[in-house]
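Participant: Turn this into a model:
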Amino acid sequence: MIRMSAFTIVFALALSSQAAAHGAYDWINKGGYRNSTGDQCCGKDDCFQLEANQVEEGKDGYRVPSHGVTVPFRDVQRSEDEHYWICRTTSKLRCFFAPSSGS
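Facilitator: Coordinates of the predicted model:
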């Protein structure tokens, strides 16, 4: 009986750690978001929350100097958690999310 309980606890912990693997940006992964070319937004460890002071809204889109990109408004997606998010690989911007009040 004790072995069964220990196994159950270990199994439950393993499942919960897998469920939390993406952390705060898990909504991006679960939402199946894709960019305009069909690439998935969320890969392992490639989404980062941005503070509002890291994002500059211009006439053509959002500029993110810390990542060296300007995202045209047509490529901006609405953030489900009302924060700015950028998803990118080392060399490629995947997706950009902005709060509804920011686009």
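Participant: which residues touch Arg88?
Facilitator: 46, 48, 67, 69, 94 (C-beta atoms under 8 Å, 6 or more residues apart in numbering). Quick note: C-beta positions are derived from backbone N, CA and C, even for glycine.
Participant: Farthest pair within those?
Facilitator: With distances taken as C-beta to C-beta, the most widely separated pair in the contacts of Arg88 is Asp46 and Val69, at 13.5 Å.
Participant: quick one: Gly61 and Pro72 touch, right?
Facilitator: Yes. Between Gly61 and Pro72 there is a contact at 4.3 Å, judged by C-beta atoms under 8 Å.
Participant: Looking only at neighbour counts, state which of those two leads.
Facilitator: Taking other C-beta atoms under 10 Å, Gly61 and Pro72 do not tie; Gly61 has more neighbours (19 against 11).
Participant: Asp46 and Val69: who's more crowded?
Facilitator: The neighbour count for Asp46 versus Val69, taken as other C-beta under 10 Å, is higher for Asp46 (18 against 15).
Participant: residue contacts, that one?
Facilitator: 87-89, 94.
Participant: what number of residues lie near Val64?
Facilitator: 20.
Participant: and the nearest residue in space to Ser66 that is not next to it in sequence, what does it touch?
Facilitator: Spatial nearest neighbour of Ser66, chain neighbours left out: Gln54 (5.5 Å); criterion: C-beta to C-beta, 6 or more residues apart in numbering. Each residue near Gln54 by C-beta under 8 Å, 6+ apart is listed here: 64-66, 84.
Participant: That concludes my questions; thank you for your assistance.
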